[in-house]
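[1] Next one to model:
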Amino acid sequence: MEYNNIRALLEKYWACETTEAEESELRVFYAAHEGPLPADLQEAAPLFRYFHAAEGGEIEEVINMPELFTDRPAPWETETKIIRPFWQGWMKYAAVLLAAAGIVYSVDRFTVKLNQSNDSTVAFKDTYSDPKLAYEQTQRALQILSRNLNKGKKEMEKLSYFNEAQEMVQGNRN
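    Predicted structure coming up:
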């Protein structure tokens, strides 16, 4: 058989378009051919020689596959009970209790500190009874806020200069 016919049959085989007769031709060709083959035909030779040997009964057990379907249920279908140590279930409750105790302690300390402090610098002290003092504290708080906002504005101006410089550099590269 001519190599070109075999190449055409192989192309059909790899495209899954061959009939059983054409596949049989390929098996017979590779089983009967004993000389050297061209490089493009050599890659399929072991496959078709194996198929020919299996078809002729030379290989008794082609593939030893384990039995896939048995009467035993799959491992994920069986119900297994997980036994954990007794202390593992209580750890989540202990963690919640510890967190609650920490919150209660911190609130208590905050209220004690607030009650002990008679200083007018405490931010939460009620100054409504003295309107002049309330006005002064509000002015002071707004000045601190304004000063800090202006610091942020200066930093943003520096960032805008950086962006302009970066655009100029990129503009020169393009």
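[2] mind checking the SS state of residue 16?
    coil (DSSP: H, G, I helix; E, B strand; the rest coil).
[3] Please report how far it lies from residue 24.
    Separation of residue 16 from residue 24 (CB to CB, to the nearest Å): 16 Å. Placement of C-beta: from N, CA and C, glycine included.
[4] Which one's more surrounded, the two?
    Using other CB atoms under 10 Å, the more surrounded residue of residue 16 and residue 24 is residue 24, with 15 against 6.
[5] tell me which element that one is part of?
    Secondary structure assigned from DSSP states H and E places residue 24 in helix 20-32.
[6] got a list of contacts for stretch 86-95?
    Here stretch 86-95 makes contact (CB atoms under 8 Å, 6 or more residues apart in numbering) with no residue beyond itself.
[7] elements contacting the helix holding residue 24?
    helix 3-14, helix 45-55 (3 or more CB pairs under 8 Å, 6 or more residues apart in numbering; DSSP states H and E).
[8] pLDDT of the longest helix along the chain, averaged?
    Longest helix in the chain, counting residues (DSSP state H): helix 131-173. In this model, helix 131-173 has an average pLDDT of 82.
[9] ok, and the closest non-adjacent residue to residue 44?
    Leaving aside its chain neighbours, residue 44 sits nearest to residue 10 (5.9 Å; criterion: CB to CB, 6 or more residues apart in numbering).
[10] What's the separation between the one you found and residue 165?
    64 Å.
[11] So for these two, which residue has more residues nearby?
    The residue with more neighbours, out of residue 10 and residue 165, is residue 10; 18 against 10, by other CB under 10 Å.
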